[in-house]
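**Q** Here is a sequence together with a model predicted from it:
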Amino acid sequence: MTTQRADARILIVDDEEDTALLLRDVLRKRGYHVEALLSAAECLEYMRRDPADVVISDIQMPNMSGIELCEQLYQRYPDCAPIVLTGYGRLDTAIAALRAGAWDFLTKPASGDILEIAIDRALEEFALQREVKRLITERSSEEPIEDMIGESSPMRELRRMIRRISLTDTTVLIQGESGTGKEIAAAALHRLSSTRKEQPLVAVNCGAVPANLLESELFGHVKGAFTDARSARDGLFLQAGRGTLLLDEIGEMPLDMQAKLLRVLQQRTVRPVGGDDEIPFEARIILATNRDLETEVEEGRFREDLYHRINVVTITVPPLRSRPGDVLLLANTFIQRVAARRQTFVHGLSRQAAQLLMDYDWPGNVRELESCIERATALCRGTEIDVGDLPKKVVEHQSTRLEISTSSTAELLTLDEVNQRYVRQVLAAVGGNKTRAAQILGIDRRSIYRRLEPTTPNS
Ligand SMILES: Nc1ncnc2c1ncn2[C@@H]1O[C@H](COP(=O)(O)OP(=O)(O)OP(=O)(O)O)[C@@H](O)[C@H]1O
Ligand SMILES: [Mg+2]
């Protein structure tokens, strides 16, 4: 399959207008759709509206260099081939560009013939890659992912997304409330990445490592870097090899480390503590957090530049209350797991117990459900878990789902209660995303918290 030359869209990026226009005209004469742009920023802006198939960029440009542009294109537009134009004999910049994700480099001045060959090669290769990806995704998108249970539509969509991302090398941000399965999602992404799955999956909880040790833990240290550093040690970025590094609880990383991490992600190299050398790393970086990073940025706890850097490909693991259909599936799986581990006769749930599990909100998500089932299995005297085996909070819980279908005045709600329940329901529907919920509710984000609190008599 070949992308027809007439369909292919090419962008030329050069801060020297004469050069940009000249190249544009040369290629237009050869039958390509070409636009000339004068900066990397213009190119990214253009790509947002109308992604091109090939970007041919100069390297030295003010503000954002062609190398940085390649990196951004590589991460955000896997279907676009970035090609750089380097000065004669500048092998170092050519290598830097290839590392940053350039597909090819050409030396200046590049003749029309040379450009044409490079473009056609890129178009053919990318068309082939797209076809292969399409076939792989098509074949496997409905297959289950081991350990990732859930048949609700948000979970199916999540699996599709993970499969798609597994074909790329891009940095990924996983967001989701506590206990929703972010680590499970990260592990699935690692296992599905055919080029990485044989390599290590290294995970670190950024909130659990003492702030003064985090830098050497992540980037390593040289011998004698500090009192206890009797020998040099690789950090986790290097220990992960060509595998995956999960930076968990990234929202808890101290601000000064955030600045260092930003540099590392931009340059794709680490500098061990006490050392002078920059060492390239090859692991895919996954970041996970249960905090709403947008709020963290607003409140000055998370660097805005780092947030923009990592918020390119984002996976949001939906809370359990937004997928009640998965509750019983998960509960039954956990019952079977317990049965396989210990000798129990429990093999299911009574109808009332099942109903209570489905009505409950699961603020602790899958983790809470898992421990609820473990406990219930231990308490259960028969073959089915019953109401009496469930925790009190599950049994006494009042559904937050808004259904005003009762005719009994005793069951009718006050406006405040309706208000609260509706806010919860909207939050659940948008996967806990407060910005989105606030938009829907037509209130500002901060007042969401206020509305969730019970009203005091004098307020
Ligand atoms: N889809 C799923 N299928 C099966 N088990 C799951 C699923 N999602 C989560 N779990 C289980 O729930 C528990 C919590 O999952 P995990 O540790 O991945 O959550 P998390 O989002 O990383 O939570 P936290 O924010 O607290 O770190 C684990 O025991 C995990 O095995
Ligand atoms: Mg976790």
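**A** It's in. Ligands and ions are numbered 1, 2, ... in the order given.
**Q** and the closest residue to Glu282 other than its chain neighbours, what does it touch?
**A** Of all residues not flanking Glu282 in the chain, Arg242 sits nearest, at 4.7 Å (CB to CB, 6 or more residues apart in numbering). All C-beta spots, glycine's among them, are computed from the backbone N, C-alpha and C. Neighbour list for Arg242: Thr195, Arg196, Gln199, Glu282, Ala283 [criterion: CB atoms under 8 Å, 6 or more residues apart in numbering].
**Q** Distance of the last one relative to ligand 1?
**A** With distances taken as CB to the nearest ligand atom, to the nearest Å, Ala283 is found 19 Å from ligand 1.
**Q** The stretch 301-450 of the chain: strands as residue ranges?
**A** Using DSSP state E, counting those that start in this stretch, the strands found in the stretch 301-450 of the chain span residues 313-316, 348-349, 384-385.
**Q** winner for burial among these?
**A** Highest mean neighbour count among the strands of the stretch 301-450 of the chain (mean count of other CB atoms under 10 Å): strand 384-385, with a mean of 20.
**Q** pLDDT averaged over that one, what's the number?
**A** For strand 384-385, the mean per-residue pLDDT is 95.
**Q** contacting residues for the closest residue to ligand 1 within the stretch 1-150 of the chain?
**A** Nearest residue of the stretch 1-150 of the chain to ligand 1 (CB to the nearest ligand atom) works out as Ile149 at 3.5 Å. Residues in contact with Ile149 (CB under 8 Å, 6+ apart) are Met155, Asp326, Leu329, Leu330, Thr333.
**Q** Next, format the strands of the stretch 301-450 of the chain as CSV and append distance to Thr295.
**A** Below are the strands of the stretch 301-450 of the chain laid out as CSV (distance: least, CB to CB, whole Å):
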stretch, distance to Thr295
strand 313-316, 15
strand 348-349, 37
strand 384-385, 38
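**Q** right, and those - which one's nearest ligand 1?
**A** Closest among those, using CB to the nearest ligand atom: strand 313-316, at 11.0 Å.
**Q** partners of that closest one, with directions?
**A** Within its sheet, strand 313-316 is paired with strand 172-175 (parallel), according to DSSP bridges.
**Q** Is any residue of the next helix or strand after the strand it pairs with near ligand 1?
**A** Remark: after strand 172-175, the chain's next helix or strand is helix 182-192, criterion DSSP states H and E. Yes. Helix 182-192 reaches ligand 1 (CB under 6 Å from any ligand atom) through Lys182, Glu183, Ile184.
**Q** got a winner among the residues you listed for most neighbours?
**A** Highest neighbour count within those, by other CB atoms under 10 Å: Lys182, with 25 neighbours.
**Q** give the contact list for that residue.
**A** Ile174, Gln175, Gly176, Asp248, Ala288, Asn290, Val317.
**Q** ok, so of these, who is nearest Lys393?
**A** Nearest to Lys393 among those: Asn290, at 20.5 Å, using CB to CB.
**Q** wait, doesn't the closest one sit right on Ile174?
**A** No. Counting by CB atoms under 8 Å, Asn290 does not reach Ile174; the two are 9.7 Å apart.
**Q** list the contacts for the residue of the chain found nearest ligand 1?
**A** Among all residues of the chain, Gly181 sits closest to ligand 1, at 2.6 Å; criterion: CB to the nearest ligand atom. For Gly181, the contact set (CB under 8 Å, 6+ apart) comprises Met148, Val317, Asn365, Val366.
**Q** What is the neighbour count of the first one?
**A** Put plainly, it is Met148. 17.
**Q** For Arg341, see how far away it is.
**A** 20 Å (CB to CB, to the nearest Å).
**Q** can you check the second one too?
**A** Plainly put, Val317 is 25 Å away from Arg341 if you go by CB to CB.
**Q** Who has more neighbours out of those two?
**A** It is Val317, of Val317 and Arg341, that has more neighbours when counted by other CB under 10 Å, with 28 against 10.
**Q** residues in the stretch 351-459 of the chain within reach of ligand 1, list them.
**A** Val366, Arg367, Glu370.
**Q** dump the residue contacts of the nearest residue to the last one once chain neighbours are set aside.
**A** The shortest distance from Glu370 to any residue other than its chain neighbours is 5.3 Å, reached at Phe334 (CB to CB, 6+ apart). Contact partners of Phe334, counting by CB under 8 Å, 6+ apart, are Leu369, Glu370, Ile373, Glu374.
**Q** in stretch 294-312, what counts as buried?
**A** For stretch 294-312, burial by neighbour count (16 or more other CB atoms under 10 Å) applies to Glu294, Glu296, Val297, Arg301, Phe302, Arg303, Leu306, Tyr307, Arg309, Ile310.
**Q** of all these, which two lie farthest apart?
**A** Arg301 and Arg309 (16.3 Å).
**Q** among the contacts of Gly181, which are in helices?
**A** Asn365, Val366 (DSSP state H).
**Q** Of all pairs in the contacts of Gly181, which one is the farthest apart?
**A** By the measure CB to CB, Met148 and Asn365 form the most distant pair in these, at 13.9 Å.
**Q** Which residue ranges make up the domains of the protein?
**A** Following automatic domain parsing, one gets these domains for the chain: 9-136, 147-314, 320-395, 409-452.
**Q** quick one: average confidence on stretch 417-430?
**A** 80.
**Q** Kindly export it (C-alpha atoms) in PDB.
**A** Output in PDB follows, covering the C-alpha atoms of stretch 417-430 (Å, rounded to 0.1, in the frame of the first residue of the first chain):
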ATOM      1  CA  GLU A 417     -29.100  15.900  49.200                       C
ATOM      2  CA  VAL A 418     -30.200  16.000  45.500                       C
ATOM      3  CA  ASN A 419     -27.500  18.500  44.900                       C
ATOM      4  CA  GLN A 420     -24.800  16.400  46.500                       C
ATOM      5  CA  ARG A 421     -25.900  13.200  44.800                       C
ATOM      6  CA  TYR A 422     -26.100  14.800  41.500                       C
ATOM      7  CA  VAL A 423     -22.600  16.300  41.800                       C
ATOM      8  CA  ARG A 424     -21.300  12.800  42.700                       C
ATOM      9  CA  GLN A 425     -23.100  11.200  39.800                       C
ATOM     10  CA  VAL A 426     -21.700  13.700  37.300                       C
ATOM     11  CA  LEU A 427     -18.200  13.200  38.800                       C
ATOM     12  CA  ALA A 428     -18.600   9.400  38.400                       C
ATOM     13  CA  ALA A 429     -19.800   9.800  34.800                       C
ATOM     14  CA  VAL A 430     -16.700  11.800  33.800                       C
END
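**Q** mind listing what's buried in that stretch?
**A** In stretch 417-430, counting by 16+ other CB under 10 Å, buried: Gln420, Arg421, Val423, Arg424, Val426, Leu427, Ala428, Val430.
**Q** just stretch 158-173 next, same as before
**A** Neighbour counts over stretch 158-173 (16+ other CB under 10 Å) mark 158-159, 161-167, 169-173 as buried.
**Q** Stretch 273-293 now?
**A** 273, 275, 281, 283-293.
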